[in-house]
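Peer 1: Here is a sequence together with a model predicted from it:
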Amino acid sequence: MPQSICFILSGGLVRFMGFWWFRARELFYYLKGGRVDYGEEHSKACGHSQFGRLYEQGHYPEWDEDHPIHFVGHSAGAQVVRVLQQMLADKAFKGYENTNENWVLSITSLSGAFNGTTRTYLDGMQPEDGKTLKPICLLQLCRIGVIIYDWLDISWLKEYYNFGFDHYNITWKKVGVWGLIDCLLGNSGPFASGDWILPDLTIQGSIRLNSHLQSFPNTYYFSYATKRTRKIWGVTLPSSIFGIHPLLFIRVLQMSQWRHPPDVSPPYKGYRDEDWQENDGALNTISMTRPLLPVEHPGRFVKDDSECHPLQPGIWYYKIVEADHIFFIVNRERAGVQFDLIYDSIFERCRKHVFRKTPPTLPNQTHH
């Protein structure tokens, strides 16, 4: 009987600055072991080292089709797992020709970034193309700060937080002052090549990514979309003051009021501002339900879990939860009993209702 484990991937592990493709590769080697291989062709095209960190001992080296994984991904982590599954199906890892999509038994998304977010435009991405930055914006300040942080290469700071750009070798020891200036001017480094997360978090970027990603017929998919808004006299506003984290309250308000510029082509045919007003302070609720763009994947809205049994693979079971974007990850005390309930329900579902073959017989239990 195949065995499986559950692996939780937080958006924080994906890091604020990072590219789905890189993070999926790093996650593979983190689990299987070995030195991260970003691929020779891609590495040359983007101007960084082909190889990254060495994981001498994988955290789940026996991982394969007979020992699949239940993945639980928060925010960007959910999309990273989808990219990883596609790469497994495409046999994208050199030396591992036996990979396939069935190495993933289920994917559970908590506030998953499937279809992009309008917050990227608020922070500085150009709505015209979803790729470039406005000349003066919050993201430009972040870009400068990250480049200087990596260039200084202060070891104790890197141990505290690493933005994940080590393979670009932009430290002062390797590129000097002129290399720093080159990066700041946008002529080299991850921001010049587009290998960072924000372009892929725009609606246009998510459409480009989703056009290469499938939902597979033997994998179970679950999604918890979060929101902290409600309509008052036809206007979408934050649903409360004290129920939203202080860092996100203004964001919830901003996203609920954002409108796509009328003089700019919409990101897709049929776009409507009102569809994107409900949000959790980081992502739009519609974006978190399931992959919708450019093609809507099969889905079923869930009110009561018991109504969905027996579960069917290949379908996105999604529900909408009253919570902000970090409600279920920052601390258990803030979320209270709801924190325990949601994770207990996820783990119970993985144990009892998600199977490739005949459900295993639990101790002191016989199936009829």
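Peer 2: Structure received.

Peer 1: From what I see, residue 165 and residue 148 are in contact.
Peer 2: No - using CB atoms under 8 Å, residue 165 makes no contact with residue 148, being 12.0 Å away. Yep, even glycine has a C-beta here, placed from its N, CA and C like the rest.

Peer 1: Name the residue in the two with the higher neighbour count.
Peer 2: residue 165 (24 against 14; other CB atoms under 10 Å).

Peer 1: list the contacts for that one?
Peer 2: For residue 165, the contacting residues are 17, 146, 150, 189-190, by CB atoms under 8 Å, 6 or more residues apart in numbering.

Peer 1: Pick out the most distant pair among those.
Peer 2: Distance extremes for these: the farthest pair is 17 and 189 at 10.9 Å, using CB to CB.

Peer 1: helices and strands of this protein: which one has the lowest mean pLDDT?
Peer 2: Least confident helix or strand, the chain: helix 11-14 with a mean of 49, by mean pLDDT, DSSP states H and E.

Peer 1: So residue 275 lies in a helix, does it not?
Peer 2: Yes - assessed with DSSP: H, G, I helix; E, B strand; the rest coil, residue 275 lies in a helix.

Peer 1: Kindly provide the distance from the spatially most central residue of the chain to residue 21.
Peer 2: What sits nearest the mean C-alpha location of the chain, by CA atoms, centre = their mean, is residue 76, with 1.7 Å. Distance, residue 76 to residue 21, using CB to CB, to the nearest Å: 13 Å.

Peer 1: which residues touch residue 316?
Peer 2: So residue 316 contacts 215, 221-223, 289-291, 297-300 (CB under 8 Å, 6+ apart).

Peer 1: Among those, name the ones in strands.
Peer 2: Using DSSP state E, 221-223, 299-300 are the members of the contacts of residue 316 that sit in strands.

Peer 1: Filter these down to the buried ones, PyMOL style.
Peer 2: Buried subset of the ones in strands among the contacts of residue 316, written as a PyMOL selection, criterion 16 or more other CB atoms under 10 Å:
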select buried, resi 221+222+223+299
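
Peer 1: Could you dump the ones in strands among the contacts of residue 316 into a markdown table with distance to residue 158 and pLDDT added?
Peer 2: Below are those laid out as a markdown table (distance: CB to CB, whole Å; pLDDT from 0 to 100):
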| residue | distance to residue 158 | pLDDT |
| --- | --- | --- |
| 221 | 36 | 98 |
| 222 | 35 | 97 |
| 223 | 34 | 97 |
| 299 | 41 | 97 |
| 300 | 44 | 97 |
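
Peer 1: Using PDB, write down the CA coordinates of stretch 125-135.
Peer 2: In PDB, the C-alpha atoms belonging to stretch 125-135 read as follows (Å, rounded to 0.1, in the frame of the first residue of the first chain):
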ATOM      1  CA  MET A 125       3.600  47.300 -11.300                       C
ATOM      2  CA  GLN A 126       2.500  48.900 -14.600                       C
ATOM      3  CA  PRO A 127      -1.100  47.700 -15.400                       C
ATOM      4  CA  GLU A 128      -0.300  48.100 -19.100                       C
ATOM      5  CA  ASP A 129       1.900  45.000 -19.200                       C
ATOM      6  CA  GLY A 130       2.200  43.600 -15.700                       C
ATOM      7  CA  LYS A 131       6.000  43.300 -16.200                       C
ATOM      8  CA  THR A 132       7.600  46.700 -15.600                       C
ATOM      9  CA  LEU A 133       7.700  49.100 -12.600                       C
ATOM     10  CA  LYS A 134       6.600  52.600 -12.400                       C
ATOM     11  CA  PRO A 135       9.600  55.000 -12.100                       C
END
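
Peer 1: That'll do, ta.
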